[in-house]
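> Got a sequence here, can you build the structure:
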Amino acid sequence: MRIEVIVQNAEEAKQAERLGADRLELVSAISEGGLTPSYGTIKTVLSQVSIPVQVMIRPHSYLYQYTDAEWKVIQEDIQAVLDLGGKGIVFGALTKENKVDETILQNLLKTFPSIDITFHRAFDETFDLIEAYKTLMNYPIRRILTSGGAENCVEGKDKLRELVQLSKEMDGPSIMPGAGLTADNITEIHEHVQSEEYHFGKAVRHNASFQKGFSQEVMQRLTDWKK
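Okay, the predicted model is just below:
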């Protein structure tokens, strides 16, 4: 069982690692759903933790469609992550019809063939989650962050279960539930969904706030749970 948590800077990253997180999602502008962090933030985080770091690559918070100019920025940001020693990114792109943008994915993987990709919750905006999953199976995507197309994992647990079963049957990208997970509901969600990794945000923070640090008590509960 693996636990991924959101971090915004090096201090949070070090604290999360110390408290038992297995992987980090590094973002900026969490109030906008998470955008690409600065070069300096990426550099300091990667240099100060030993657990895997998935760096958010998202140039803006409106839609998941990207122009040619934005695609050039995305490439520069990914190259910066690799130059700094990073290996993973969090990325997603959709067409105007809310389908997976295969053109961008093909270009990304052609340019960066060894990158570890988490396809983010743009997945939840697709017209058909099963169709979107089968599309992503054609690419070396490692995992998909999703709430099952619902506002949170509690509401989306049935679709999450279906997606996890599909991923196991077809040996495709793993399904990583995220949104609305807490130390109180993770057991119930896991028993229903049966994923192997889960993504936590503000629920592992003091007062459930991204302005606060991690709650040692909550992180300890999750560490004990995943054993």
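
> For the rest of this, base every contact and every neighbour count on C-alpha atoms.
Will do.

> after the longest strand anywhere in the chain, next one along is what?
Using DSSP state E, we find that the single longest strand of the chain is strand 2-7. Next in sequence after strand 2-7, counting helices and strands by DSSP states H and E, comes helix 10-18.

> how about the helices of the protein, start to end?
Assigned helices in the chain, in chain order: 10-18, 39-48, 68-83, 102-111, 129-136, 157-170, 186-193, 216-226 (criterion: DSSP state H).

> I'd like the ones you listed as JSON lines, with mean pLDDT appended.
Listed next are those as JSON lines, based on pLDDT from 0 to 100:
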{"stretch": "helix 10-18", "mean pLDDT": "98"}
{"stretch": "helix 39-48", "mean pLDDT": "98"}
{"stretch": "helix 68-83", "mean pLDDT": "97"}
{"stretch": "helix 102-111", "mean pLDDT": "96"}
{"stretch": "helix 129-136", "mean pLDDT": "97"}
{"stretch": "helix 157-170", "mean pLDDT": "97"}
{"stretch": "helix 186-193", "mean pLDDT": "97"}
{"stretch": "helix 216-226", "mean pLDDT": "96"}
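
> Among these, which comes closest to Ile3?
Shortest distance between Ile3 and these, using C-alpha to C-alpha, is found for helix 216-226: 8.0 Å.

> how far off helix 186-193 does that closest one point, in degrees?
30 degrees (axes from the mean of the first three to the mean of the last three C-alpha atoms, to 10 degrees).

> Make 124 the starting number, not 1.
Got it, first residue is 124 now, which makes that one helix 339-349.

> buried set for helix 339-349?
Going by neighbour count (16 or more other C-alpha atoms under 10 Å), the buried part of helix 339-349 is Gln339, Val341, Met342, Leu345, Thr346.

> do stretch 291-306 as well
Neighbour-count burial for stretch 291-306 flags Gly295, Pro296, Ser297, Ile298, Met299, Pro300, Gly301, Ala302, Gly303, Leu304, Thr305, Ala306 (criterion: 16+ other C-alpha under 10 Å).

> same question, stretch 133-152
Buried, per 16+ other C-alpha under 10 Å, within stretch 133-152: 133, 135-140, 142-151.

> gap between the two ends of that stretch?
Start-to-end span of stretch 133-152 (C-alpha to C-alpha, to the nearest Å) is 15 Å.

> Sweet, I'm off.
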